[in-house]
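Colleague: sequence first, then the predicted structure:
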Amino acid sequence: MLLTVVASVFVFGLVIFIHELGHFLTAKFSGIKVNEFALGMGPTVFSRKRGETVYALRLLPVGGFVSMEGEDEESDQPGSFTRAPVGNRILVTVAGAAMNLLLGFVVLVCVVCSQELVSTRTVLQFYEGASTQQTGLREGDTIIAVNGRRCFIANDIVYEFARTQQGKADLTVLRDGQKVQLNGVTFDTYEQDGISQMVIDFVILGEKKTVLGVLREAGNWTLSLGRMVILSLTDLITGRIAVNNLSGPVGIVSAISEASSAGLSSLLMLLALITINLGVFNLLPIPALDGGRLLFLVIEAIRRKPISQKYEIAVNAAGFVLLIGLMIFATFNDITKLIS
């Protein structure tokens with residue numbers, strides 16, 4: 001229990017701190033007045049004012065914020081967010097998500113460095129009686145696409161296999177320097193929790209680590225996890241994934257508990273997934289998220305005239321209510337899963 005609490009506070013705290021630090025530093029650099037930089041939500045436990053900014057630690061370690069002058073209210077004060085050039089405001093808005101993606105990349109560099117070898121997409125050998133070998137795949141094949149979707153790292157291949165239905169997949173491989181299309185490669189399957197799972201019946205080749213190889217793998221992994229967020233959201237909207245699979249804070253804490261028990265590498269991998277998830281999700285054009293504000297700013301830059309702040313505040317308030325509702329629904333899902 002203690003390990004779960006410490007690991008959860010570490011993961012949530014670091015992800016939130018990095019995100020808000022991006023907003024804070026960019027705002028300061030842009031000459032925008034920051035009234036408060038807070039970690040946590042709820043009542044203030046500790047605060048100290050330095051210069052024009054109050055630095056605060058709040059009771060609940062589940063959020064944080066950077067309160068800028070004129071950010072959510074009309075203000076003509078010097079250093080107001082609304083008076084800053086639109087380009088500066090765009091930079092401030094995207095800085096939080098950019099810092100999350102950067103954190104994910106740095107963490108993944110550490111994860112790759114901890115591995116003995118760097119994974120490739122090349123088939124090294126098959127298990128005895130492998131169905132994939134019998135239906136077209138060969139040793140030495142480098143898998144470059146699954147069901148038409150490009151794969152840059154081994155993790156992409158595993159994820160696309162997880163999305164594959166009916167136990168068959170169309171693979172594009174590089175064989176003897178030539179692209180070869182393998183349609184209907186068949187996998188053995190088994191049932192788990194009522195869901196059909198594919199058996200990956202081959203082993204991929206690992207390469208020795210080099211500085212360039214580690215950086216390339218970590219970069220591709222960052223892009224892969226970012227794309228995974230978009231694909232998962234698309235699958236949720238289209239019904240490919242049941243909505244009761246949606247998880248919230250309770251589910252994340254449960255996952256952190258399992259990862260921390262499995263070791264530091266697993267915890268770091270989950271940290272990378274969470275921070276990249278937050279970075280990508282925050283840039284979606286949804287009201288109350290950074291992406292919603294970014295959309296308003298891009299429209300302002302194009303039309304050379306700001307949208308009414310009252311309208312923007314109202315739209316963001318409605319979006320905030322919807323997000324709270326979504327979080328409550330996800331938390332209900334998490335609790336239901338724990339009980340069952």
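Modeller: Structure's in. What do you need?
Colleague: residue 172 - how many residues pack around it?
Modeller: 20 (other Cβ atoms under 10 Å). Where you see a C-beta, it was placed from the backbone N, CA and C, and this is true even at glycine.
Colleague: just give me the residue closest to the centre of this protein.
Modeller: What sits nearest the mean C-alpha location of the chain, by Cα atoms, centre = their mean, is residue 277, with 1.4 Å.
Colleague: residues making contact with stretch 199-207?
Modeller: For stretch 199-207, the external contacting residues (Cβ atoms under 8 Å, 6 or more residues apart in numbering) are 116-127, 129-133, 137, 154, 158, 161, 187-190, 213.
Colleague: swap that for stretch 74-90, please
Modeller: Here stretch 74-90 has contacts from 27, 30-33, 52, 68-71, 92, 294, 297-298, 300-301, 306, 309-310, using Cβ under 8 Å, 6+ apart.
Colleague: of the contacts of stretch 199-207, which belong to strands?
Modeller: 118-126, 189-190 (DSSP state E).
Colleague: which among the residues you listed end up buried?
Modeller: By neighbour count, with 16 or more other Cβ atoms under 10 Å, those hold 118-123, 126, 189 as buried.
Colleague: wait, residue 148 sits on residue 170?
Modeller: Yes: between residue 148 and residue 170 there is a contact at 6.9 Å, judged by Cβ atoms under 8 Å.
Colleague: compare the two and say which is more crowded by neighbours.
Modeller: Comparing residue 148 with residue 170 by neighbour count (other Cβ under 10 Å), the higher total belongs to residue 170, at 14 against 10.
Colleague: checking the more buried one next. Helix, strand or coil?
Modeller: The three-state assignment at residue 170 reads strand, by DSSP: H, G, I helix; E, B strand; the rest coil.
Colleague: need the contact list for it.
Modeller: Residue 170 neighbours (Cβ under 8 Å, 6+ apart): 146-148, 181-185.
Colleague: give me the buried entries from those.
Modeller: Looks like the contacts of residue 170 have 146, 182, 185 buried, using 16+ other Cβ under 10 Å.
Colleague: restricted to strands, list the residues you listed.
Modeller: 146, 182, 185.
Colleague: tell me which residues touch the second one, please.
Modeller: With contact taken as Cβ under 8 Å, 6+ apart, residue 182 is in contact with 135-137, 170-173.
Colleague: farthest pair in the residues you listed?
Modeller: Greatest spatial distance in the contacts of residue 182: 135 and 172, 14.8 Å, computed using Cβ to Cβ.
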